[in-house]
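Engineer: Curious how this folds, go ahead:
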Amino acid sequence: MNNNIKNKGNEAIAIAVVIYGSKLTECNVYKTLIKNNADKIDCLLVFDNSKTTQYEKIEIGNGIYEYFWNPKNPGVSENYNKAANYACQNGFKWVMLLDQDTSFPPEALSIYKESLRQYPDKSLFVPIHKISDNRYLSPANSCLFRHKNEIKPGIYNINKYDIINSGMLVNVNDFIKVGGYNEEVGLDFSDFQFLDRLKTAVKQVVVLNIICIQDFSNNEDDKEKLLNRYKIYCRNASKFETRKLGVKVKITYLVLKHTMALTIRCKSIEPLKILFKSILNK
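Structural biologist: Residues are numbered from 1 along each chain as shown. So this is what the prediction gives:
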């Protein structure tokens, strides 16, 4: 174990960022979190899923910087698993999962580390996410029929909430104990799948006084690209594993809702054909 990491003890965090199609320094997560805290970062792991390498030399003070390129674009699940394994092998107790489209307030990393000192017995810390129109996104009440997702900082029963990937700070031992991410569910529903596993070992989530903005803008108008992306969406949904009826109902509802929206957007029944083909091939 690196002595510098050993000396940090409970606060040593391996930060994992997955990027696609742009350099890290062009991404929201770099501009708002990494750049502002370069001298405080213990370890930065960049997983590049782009078709061509987006490698950059990143200066992060005395921390570790590693870059991994995979043009096959496996999504996020495989990369998050690799990050947790790296963290385990190199003496980090915590792994922070990030995507490129999340914007953080400047004090975010300090709040994460202070929370580790304040709640040393907790295993999952998450920020509050909003989207650009100021609506709350995550954590969200896991009941389909409750639409008020506003949440305050505090400690909550993890079984009552859905949480998106970006910004999760997870205890590495618990991450690995539950089997990590399902790599068959590479992108869409990867957070649902991981939380479904994590809930078998972790009972509470600490919601931090950090408000992030998640950029979910999708201005793609090319019908072929939209349908190809939808095929990936359906493949991820078909690989989702759970024994919980409520979770199955939720996934089915979300797939049908997305399918109908895309059918209207494309003015075509092709999404319905893709969905039925996915069901038949399951």
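
Engineer: Just give me the neighbour total for Glu270.
Structural biologist: Glu270: 16 surrounding residues under other CB atoms under 10 Å. Using the backbone N, CA and C atoms, a C-beta is placed for each residue, glycine as well.

Engineer: need the contact list for the nearest residue to it once chain neighbours are set aside.
Structural biologist: Leaving out its chain neighbours, the residue that sits closest to Glu270 by CB to CB, 6 or more residues apart in numbering is Leu227, at 5.8 Å. By CB atoms under 8 Å, 6 or more residues apart in numbering, Leu227 lies in contact with 266, 270-271, 274.

Engineer: Name the next helix or strand downstream of the helix or strand containing Leu227, please.
Structural biologist: Under the criterion of DSSP states H and E, Leu227 resides in helix 223-238. Sequence order places helix 245-266 as the next helix or strand after helix 223-238, per DSSP H and E.

Engineer: Buried residues in the helix or strand following that following helix, which are they?
Structural biologist: Sequence-wise, the next helix or strand downstream of helix 245-266 (DSSP H and E) is helix 270-280. Within helix 270-280, the residues that count as buried by 16 or more other CB atoms under 10 Å are 270-271, 274-275, 278.

Engineer: Then stretch 178-197?
Structural biologist: For stretch 178-197, by 16+ other CB under 10 Å, it's 178, 180-197.

Engineer: Show only the entries of the residues you listed found in helices.
Structural biologist: By the criterion of DSSP state H, membership of the buried residues of stretch 178-197 in helices covers 190-197.

Engineer: Relative to Ile131, which of those is nearest.
Structural biologist: The closest of these to Ile131 turns out to be Asp191 (CB to CB; 15.3 Å).

Engineer: which residue packs closest to that closest one, ignoring adjacent ones?
Structural biologist: Going by CB to CB, 6+ apart, Asp191 has Asn165 as its nearest residue, at 4.5 Å.

Engineer: next one: phi and psi at Ile211?
Structural biologist: The phi and psi values for Ile211, taken as degrees, to the nearest 10, are phi -110, psi 120.
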